[in-house]
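**Q** Please work out how this folds:
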Amino acid sequence: MHWPLTSKTEPGMRPPRQSVSPSTKLAFKLFRQLASEQQTRNLFFSPASVMLCLWMLHDGATGETRESMAKVLEVADLDPEAMQLAFVAIKSALQVYGPLQLEAVYSVWCNQELAPRSEYVAKIREDYDADVVALDFRDAATAARINSWVSAKTRGKIGSILCTIDPLTALLAINAIYFKDLWSEPFERELTREELFYMSEGGSLRVPLMRQNGSYLYYEESKFQAISLHYKATRLAMYVFLPAKTSNLREFQQNLTSTAWDAWIGRFEMIEGHIRLPRFKLIHSANLNNALEKLGMGIAFDPRRARFDTINLPPPEIWISQIFHRALVEVNEEGTEAAAETEGTVYFSSEKPSARTFEMIVDRPFFFAICDNYTNTILFMGSVEEPGS
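**A** Down below sits the predicted model:
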């Protein structure tokens, strides 16, 4: 089903900013936790994908389990109407129409030995347009069937998410997001040049830096520069934050909160300038159990305490055994393709604000996010320590 926007607007227009949304709060909580655990040089995931997957499971939880998940989802203090509006916002962000390809699909895979309650199945199908499938989890071919579903829904970009399935698993909830769009103003490929990219731990590597001049939404503080690069679907944009040479990505991440983000985004102004941005490709996989436990929903992973009575009354006991997320992004001169199962000091000034210009050379680690500017929903976010092309 298609959830309507809460108000009508022209494409690319932005409604008055409201309080920080639950999805934005979760996005930055989870980002900081994953960054603190980071085992790889780069980090990339889809907060929207994670939130909707958790929301499907939250709909099946009861008692203390439901309360803990609601707190992690930042909806514990919302009344039913506000919670519905939050859900509508994130759903509508994933149903943007235009020249882009943006698909969000959902599925619940049930162990055929455990039949979920018909009320839960009906709700999942109605609210999420989700596939609900019962399979034999003892059959080795089951994992391959689920991987095939994920591959098809992400246009082959995510070919595999499961190796095997524990026969004791009650159900798997999977959300896949696929995104592809062109820049509103593509970079000219013939202007791309290999330049040095300076890594946080010292050393450098040569990477292709795309170049472009124009008018951009731009903001800077003493600790960073930031630019907004728009897509053909005008309500979507990539925000790139480049820590100053006197700072670094780790310091920037420590100050990266949903409140700070909301304040920064409201201060962007249209300014003439020059941008150089690496062409890059990231693939990132993560088991989210530990991060979500640290954020406060450990009870959902505890076989002795978890309660998902809306899915089915015990016995048998039902708990979350694993939440696994895999995402990829590719950014080039034409635009961005992403899928998930998620120096630059201004030297120029003038008495006339219209004469202000900037130069932003992204030749060191940076943070980026792909956002829907209408609902203020972050579809994907990540940090790049070492670009790959």
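
**Q** same for the longest strand seen in the chain, what does it pack against?
**A** The longest strand of the chain (DSSP state E) is strand 204-221. Using 3 or more CB pairs under 8 Å, 6 or more residues apart in numbering; DSSP states H and E, the elements in contact with strand 204-221 are strand 193-198, strand 224-230, strand 269-278, strand 357-361. Every C-beta, even on glycine, is put in place using the N, C-alpha and C of the backbone.

**Q** Buried deepest among the ones you listed, which one?
**A** Stretch with highest mean neighbour count among the helices and strands packed on strand 204-221: strand 224-230 (a mean of 22; mean count of other CB atoms under 10 Å).

**Q** just checking, what packs against that strand?
**A** For strand 224-230, the contact count by 3+ CB pairs under 8 Å, 6+ apart identifies strand 204-221, strand 236-243, strand 269-278, strand 357-361 as packing neighbours.

**Q** what about that strand, distance to the chain center?
**A** Remark: strand 224-230 is offset 18 Å from the chain centroid, using CA atoms, centre = their mean, to the nearest Å.

**Q** again, but for stretch 131-151
**A** Relative to its chain's centre, stretch 131-151 lies at 25 Å (CA atoms, centre = their mean).

**Q** Do me a favour and average the pLDDT over it.
**A** Averaging the model's pLDDT scores along stretch 131-151 yields 90.

**Q** Low-confidence bits of the stretch 251-389 of the chain, can you list those?
**A** 341-355, 389 (pLDDT under 70).

**Q** ok, which stretches of it are strands?
**A** Defined through DSSP state E, counting those that start in this stretch, the strands belonging to the stretch 251-389 of the chain, from first to last, are 269-278, 280-287, 324-331, 335-340, 357-361, 366-372, 377-384.

**Q** Redo the ones you listed as TSV? Include distance to Asp139.
**A** Converted to TSV, those look like this (distance: least, CB to CB, whole Å):
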stretch	distance to Asp139
strand 269-278	44
strand 280-287	24
strand 324-331	20
strand 335-340	27
strand 357-361	53
strand 366-372	37
strand 377-384	34
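
**Q** what's the closest of these to Thr142?
**A** Taking CB to CB as the criterion, Thr142 comes closest to strand 324-331 out of the strands of the stretch 251-389 of the chain, the separation being 15.7 Å.

**Q** Neighbouring strands of the closest one in the sheet, and parallel or not?
**A** As defined by DSSP bridges, the strand partners of strand 324-331 come to strand 280-287 (antiparallel), strand 335-340 (antiparallel).

**Q** and of the helices and strands packed on strand 204-221, who's closest to Ser23?
**A** Nearest to Ser23, of the helices and strands packed on strand 204-221 and by CB to CB, is strand 224-230 at 18.9 Å.

**Q** re earlier: Pro303 is nearest to which of the strands paired with strand 324-331?
**A** Closest approach to Pro303 among those (CB to CB): strand 280-287, 17.3 Å.

**Q** which residues touch the closest one?
**A** If you take CB atoms under 8 Å, 6 or more residues apart in numbering as the criterion, strand 280-287 is touched by 34, 40, 42-45, 207, 322-331, 382, 384, 387-389.

**Q** Make a ChimeraX selection of the buried ones in the residues you listed.
**A** In ChimeraX, selecting the buried portion of those, with burial taken from 16 or more other CB atoms under 10 Å, looks like this:
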select :34,42,43,44,45,207,323,325,326,327,328,329,330,331,382,384,387
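
**Q** What about Ser92, how many residues nearby?
**A** Applying the criterion other CB atoms under 10 Å, we find 18 residues in the vicinity of Ser92.

**Q** can you give me the helices in this structure?
**A** Using DSSP state H, the helices of the chain run over residues 22-37, 47-58, 63-72, 80-93, 118-128, 141-153, 249-254, 258-265, 289-292.

**Q** hmm, back to that, want to try TSV for the strands paired with strand 324-331, with distance to Met69 as columns?
**A** As requested, the strands paired with strand 324-331 are arranged in TSV below (distance: least, CB to CB, whole Å):
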stretch	distance to Met69
strand 280-287	18
strand 335-340	20
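
**Q** Could you identify which of these is most buried?
**A** The highest mean neighbour count among these belongs to strand 335-340 (a mean of 23), with neighbours defined as mean count of other CB under 10 Å.

**Q** quick revisit: and the helices of the chain: which comes nearest Leu191?
**A** Closest approach to Leu191 among these is made by helix 249-254 (26.2 Å; CB to CB).

**Q** Report all helices and strands that the closest one contacts.
**A** In this structure, helix 249-254 packs against helix 22-37, strand 236-243, strand 366-372, with contacts taken as 3+ CB pairs under 8 Å, 6+ apart.

**Q** Okay, buried residues for that helix please.
**A** Under the neighbour-count criterion of 16+ other CB under 10 Å, helix 249-254 has Leu249, Phe252, Gln253 buried.

**Q** give the contact list for Glu119.
**A** Applying CB under 8 Å, 6+ apart as the definition, the contact partners of Glu119 turn out to be Thr310.

**Q** 10 Å - rerun?
**A** Glu119 makes contact with Thr310, Ile311, according to CB atoms under 10 Å, 6 or more residues apart in numbering.

**Q** Contact partners for Pro243?
**A** For Pro243, the contacting residues are 200, 223-225, 249-253, 344, 364-367, taking CB under 10 Å, 6+ apart as the criterion.

**Q** for these, which one is nearest Ala93?
**A** When these are compared for distance to Ala93, the smallest value, 19.9 Å, is given by Phe367; criterion: CB to CB.

**Q** Not counting sequence-adjacent ones, nearest residue to the closest one?
**A** Phe241 (4.4 Å; CB to CB, 6 or more residues apart in numbering).

**Q** returning to that earlier point: as JSON lines, the helices and strands packed on strand 204-221 with distance to Val132 would be great.
**A** Rendered in JSON lines, the data for these read as follows (distance: least, CB to CB, whole Å):
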{"stretch": "strand 193-198", "distance to Val132": "46"}
{"stretch": "strand 224-230", "distance to Val132": "37"}
{"stretch": "strand 269-278", "distance to Val132": "42"}
{"stretch": "strand 357-361", "distance to Val132": "47"}
